[in-house]
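**Q** after the sequence you'll find the predicted model.
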Amino acid sequence: MTDDAATEGADRGESCSVCDETLDLGDGRQLTIRHSSSADAAGLEALYGRLSPDDLRRRFFAGGLPPAMFFDRWASIEERGGFGLVAELTDSGESRLVGEAGYAPTPDDRAGGELGIAVAPGFRGWLGPWLLDSLLRHASEREVETLQAMVLIENKAMMALLAKRGLAIVGHPDWSTVQIVFATDGSVPTWGPDRARPRVLVETDRSRWRGEDALTRAGFDLLVCDGLYREGQRCPVLHGETCPLVGEADAVIVDLPDDDAAAELVHSEQLVHPGARFIAARRPHADAAERGSGRLTPDEILDEIEDLLDRDDPARSDRPDRGE
Ligand SMILES: CC(C)(COP(=O)(O)OP(=O)(O)OC[C@H]1O[C@@H](n2cnc3c(N)ncnc32)[C@H](O)[C@@H]1OP(=O)(O)O)[C@@H](O)C(=O)NCCC(=O)NCCS
């Protein structure tokens, strides 16, 4: 880290109402969280240069370091509508970056940006949540309500970190990756601005819902919530509060086991959102015995959604293309 970078960062930190956090680590070292700037490109490259190939794969989905150009762009992300923070360690007059978090605008306008974060191994266990919460406070203050993240399914630390801050699943671009949206205020993410496609919320106990591809291909705006079964996630309707995902969905598919927790959830949702329209994706026992299966197929679910939406508006123009 050059002196110029440290000075510029400190200057930016002073003018920021959210981050001017310096922590005395008690052993002569200090840790400061401040805005990143273009002068941090080399420091970021050095931070990533010290991470393992597994960490690099979790962050970049590839085993090696990205080209220097990536760090130039990521360090100056604020100039392009994004936002970045770095955690800078000062030890015996020397400074180096030991963590960073930021978000960059994406072409998909569902969220205010896509999250990237990394922490040096010696600072894990506390710095990741601290950096993320600091970033989310900044985003929230800038009225960015929702962010998204692409996460390797094997990345348990990242999934646990986001689950505590309230997430919904957009989909799985491939077998190893999940696309997530989460609220910057720690509550529940909201739907994106797109109102052209009918919104379908799925409540399920599976992290990869079986009808995801079929409904997405058919043109629905799909979000999956498995929060009832995900450790750390708080469900607002169970506390008598509204849920933006349920409240603004055109249909809610309930694909949950026949247990008390699921029954309580649906009952609470019907109380809090009396206008919500539910589709049961699992058949009652008697029907299941007769039909040979307890679960509706994705095609049967699509038929149910079409019937439900047609009942309200037979001439609706947002009918998704099922490719038939
Ligand atoms: C992801 C990362 C930033 C998290 O920061 P961190 O300081 O390590 O965060 P924590 O240690 O608090 O871990 C977060 C949570 O995951 C849990 N966790 C950590 N490793 C885990 C594992 N292998 N299995 C299950 N849970 C795990 C922790 O217990 C914690 O949950 P808790 O709050 O309930 O205790 C950090 O691990 C990292 O830099 N990883 C490499 C880069 C990366 O994956 N970036 C994300 C790209 S999207």
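**A** The structure has been received and is ready for your questions.
**Q** going forward, measure contacts and count neighbours with C-alpha atoms only.
**A** Noted.
**Q** near the ligand, which residues of the protein show up?
**A** Taking CA under 6 Å from any ligand atom, the part of the chain that reaches the ligand is made up of 55, 58-59, 116-119, 124-129, 150-151, 156-158, 160-161.
**Q** any chance of a PyMOL selection covering the buried ones in those residues?
**A** Applying 16 or more other CA atoms under 10 Å to the residues of the chain next to the ligand leaves a buried subset, and the PyMOL line that selects it is:
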select buried, resi 55+58+59+116+117+118+119+127+128+129+150+151+158
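**Q** so of the residues of the chain next to the ligand, which ones are in strands?
**A** Of the residues of the chain next to the ligand, the ones assigned to strands by DSSP state E are Gly116, Ile117, Ala118, Val119, Met150, Val151.
**Q** can you get me a residue count around the closest residue to Asp205 other than its chain neighbours?
**A** Leaving aside its sequence neighbours, Asp205 sits nearest to Asp226 (CA to CA, 6 or more residues apart in numbering; 5.4 Å). Look at Asp226: counted by other CA atoms under 10 Å, it has 22 neighbours.
**Q** what's the answer for Val237, then?
**A** Applying the criterion other CA under 10 Å, we find 20 residues in the vicinity of Val237.
**Q** can you check Gln270 too?
**A** Should you count by other CA under 10 Å, Gln270 turns out to have 16 residues around it.
**Q** does it fall in a helix, a strand, or a coil region?
**A** Using DSSP: H, G, I helix; E, B strand; the rest coil, the three-state assignment for Gln270 comes out as helix.
**Q** Phe182 - that's part of a strand, no?
**A** Yes - remark: Phe182 belongs to a strand, assigned using three-state DSSP.
**Q** skip the chain neighbours and tell me the closest residue to it.
**A** Leu167 (4.3 Å).
**Q** cool, and Gly99?
**A** Beyond its immediate neighbours in the sequence, the residue positioned closest to Gly99 (CA to CA, 6+ apart) is Val119, lying 4.1 Å away.
**Q** residues contacting the one you found?
**A** Under the criterion of CA atoms under 8 Å, 6 or more residues apart in numbering, the contact list for Val119 reads Val98, Gly99, Glu100, Leu127, Gly128.
**Q** now those residues in a markdown table, with pLDDT?
**A** Formatted as a markdown table, the contacts of Val119 follow (pLDDT from 0 to 100):
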| residue | pLDDT |
| --- | --- |
| Val98 | 98 |
| Gly99 | 98 |
| Glu100 | 98 |
| Leu127 | 95 |
| Gly128 | 96 |
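**Q** tell me how far the nearest residue to Asp91 once chain neighbours are set aside lies from the ligand.
**A** For Asp91, ignoring the flanking residues on the chain, the nearest one in space by CA to CA, 6+ apart is Arg29 at 4.8 Å. Arg29 sits 18 Å away from the ligand when distances are taken as CA to the nearest ligand atom, to the nearest Å.
**Q** same check, this time on Ala251
**A** Counting by CA to the nearest ligand atom, the gap between Ala251 and the ligand amounts to 30 Å.
**Q** isn't that residue up against Arg277?
**A** Yes - counting by CA atoms under 8 Å, Ala251 does reach Arg277; the two are 5.1 Å apart.
**Q** how about the ones in strands among the residues of the chain next to the ligand, which pair is most distant?
**A** Put simply, by CA to CA the two of those set farthest apart are Val119 and Met150, 17.0 Å from each other.
**Q** near Leu115, how many other residues are there?
**A** Around Leu115 sit 21 other residues, with neighbours defined as other CA under 10 Å.
**Q** bridging residues for it?
**A** On DSSP bridges, the residues paired with Leu115 through beta bridges are Tyr103.
**Q** what pLDDT does the model give Tyr103?
**A** The per-residue pLDDT reported for Tyr103 equals 97.
**Q** and for it, the neighbour number?
**A** Tallying neighbours of Tyr103 according to other CA under 10 Å, which is how burial is gauged here, yields 25.
**Q** wait, it sits on Glu114?
**A** Yes - under the criterion of CA under 8 Å, Tyr103 makes contact with Glu114 at 5.0 Å.
**Q** mutual contacts of these two, please.
**A** A shared contact of Tyr103 and Glu114, defined by CA under 8 Å, 6+ apart, is any residue touching both; here these are Leu147.
**Q** if we can go back for a sec, OK, contacts around the residue nearest to Asp91?
**A** Taking CA under 8 Å, 6+ apart as the definition of contact, the neighbours of Arg29 are Leu89, Thr90, Asp91, Ser92.
**Q** may I have the beta-bridge partners of Arg96?
**A** Checking Arg96 by DSSP bridges, which sets the bridge assignment, gives partners Leu89.
**Q** so which residues of the stretch 201-324 of the chain form helices?
**A** Under the criterion DSSP state H, counting those that start in this stretch, the stretch 201-324 of the chain contains helices at 212-217, 244-247, 260-272, 285-291, 298-312.
**Q** how far off centre is the last one?
**A** Chain-centre distance of helix 298-312: 28 Å, with CA atoms, centre = their mean, to the nearest Å.
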